[in-house]
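Visitor: Next input, structure requested:
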Amino acid sequence: MLRAAPSLLRRSARAYSSSSSHVKVAVLGAAGGIGQPLSLLCKLSDSIDEVACYDVVGTPGVAADLSHCPTKAVITGDLPSAGTWPPSGNSGLERTLTGASVVVIPAGVPRKPGMTRDDLFNTNASIVQTLVEGCAKYCPDATLAIISNPVNSTVPIAAEVLKKAGVYKPAKLCGVTTLDVCRANTFLAEKLGCSPKDIDVTVIGGHAGITILPLLSQVPGASSLPADVLDALTVRIQFGGDEVVKAKAGSGSATLSMAYAGYLFTEGVIKAMRGEEVVQCAYVESTLTSAQYFASPCKFGPDGGVAEVLPFGPLSSYEQGWLDKLLPDLQKQIDKGISFVK
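Guide: Okay, the predicted model is just below:
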């Protein structure tokens, strides 16, 4: 399963095909703190043929810079209207999105000390709405990977926008929760004294505070840890982003680790498109719980979408208590996103 590192991606017996169709990844918000390293990782990928960068400022420069990396992916950079790199016609969002296989959206403002993801709602909700309207028009069949916070609300916003446009495909809309998995694997490995590559934590729920629920009880060896250690680990995974916000002292939030996580998710989607067996956690429309959207392991298919939302397995009594506690909060954040569009 794809959880936090390429080594955790279970490949199928089918060989990787370098002759597969052209894969274009669009990064919306490519000049930002997440967007730049995410675009770089995509440029370095052997799985990606074209990286289309879009932002309201600076994108031609980012694209020109990335173009000097000697890898196969072609780079373009666009602004909302005039201004592209390389110089050409059909500028703006249309050029960025046309022909995209995967659209990754990290656009928005970052958190600052004392802010929750929900505090970002008003600004980032409008940004996501505008960008997804473009996706509905120019690449309705692309897989959309939403990073912009608060993900618990922005994914429902994207869904409502796509519904209004008549192009909503639940399997093609995902909230990227991979960073929660990365943190869970990293923090648990520290306690167990092993490599994070040997850890595979399923993280369910949402992507904000207590809505994040790592299922540590399902990891071999974790049950040997004292209850207070498991509780501290759970809370640290839930609020790991706050560590970064505090450490950066007002200069930003988790950008590098989020870029890495977004890249891993994108690679997983592309590998599934090319015939590999990929299961990775994602925040999607779901019937597993009372919440309309929920993060859980998902099997991705050859069209780049979610082929199956998988059950998350047995919970400990401790984890069941967290699940009961998080669902009302998660639903409120979902409702807030839906109401924003309606």
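
Visitor: Next one: Y16, what pLDDT does it get?
Guide: Y16 is assigned 33 on the pLDDT scale.

Visitor: whoops, I mixed them up, S21
Guide: The model's pLDDT for S21 equals 87.

Visitor: Pretty sure it sits in a helix.
Guide: No. Per DSSP: H, G, I helix; E, B strand; the rest coil, S21 lies outside any helix segment and is coil.

Visitor: Burial check on it, number of neighbours?
Guide: 10 (other Cβ atoms under 10 Å). C-beta here means a position set from N, CA and C on the backbone, and glycine is covered the same way.

Visitor: Relative to S39, how far out is it?
Guide: 21 Å (Cβ to Cβ, to the nearest Å).

Visitor: Then F294?
Guide: F294 is 29 Å from S39, by Cβ to Cβ.

Visitor: Those two: which has the busier surroundings?
Guide: Comparing F294 with S39 by other Cβ under 10 Å, the one with more neighbours is S39, at 32 against 27.

Visitor: So the more buried one lies in a strand, does it not?
Guide: No. Using three-state DSSP, the assignment for S39 is helix, not a strand.

Visitor: any idea how far it is from L327?
Guide: Distance, S39 to L327, using Cβ to Cβ: 36 Å.

Visitor: same thing with T234?
Guide: Distance from T234 to L327, by Cβ to Cβ: 16 Å.

Visitor: Looking at these two now, which is surrounded by more residues?
Guide: The neighbour comparison of T234 against L327 (other Cβ under 10 Å) goes to T234, with 21 against 17.

Visitor: what sits against that one?
Guide: By Cβ atoms under 8 Å, 6 or more residues apart in numbering, T234 lies in contact with L213, P214, L216, W322.

Visitor: show me where the stretch 201-342 of the chain has strands.
Guide: Assigned by DSSP state E, counting those that start in this stretch, the strands in the stretch 201-342 of the chain fall at 203-205, 212-214, 278-285, 293-300, 306-309.

Visitor: I'd like those as TSV, with distance to K246 and mean pLDDT appended.
Guide: Below are the strands of the stretch 201-342 of the chain laid out as TSV (distance: least, Cβ to Cβ, whole Å; pLDDT from 0 to 100):
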stretch	distance to K246	mean pLDDT
strand 203-205	22	98
strand 212-214	18	98
strand 278-285	25	98
strand 293-300	25	98
strand 306-309	34	98
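
Visitor: Same list (those strands) but as JSON lines, adding distance to A107.
Guide: Below are these laid out as JSON lines (distance: least, Cβ to Cβ, whole Å):
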{"stretch": "strand 203-205", "distance to A107": "24"}
{"stretch": "strand 212-214", "distance to A107": "22"}
{"stretch": "strand 278-285", "distance to A107": "17"}
{"stretch": "strand 293-300", "distance to A107": "20"}
{"stretch": "strand 306-309", "distance to A107": "23"}
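
Visitor: The host helix or strand of Q129 - contacts with which helices or strands?
Guide: Using DSSP states H and E, Q129 maps to helix 121-138. If contacts are counted by 3 or more Cβ pairs under 8 Å, 6 or more residues apart in numbering; DSSP states H and E, helix 121-138 sits against helix 93-97, strand 102-105, strand 143-146, helix 151-165, helix 317-341.
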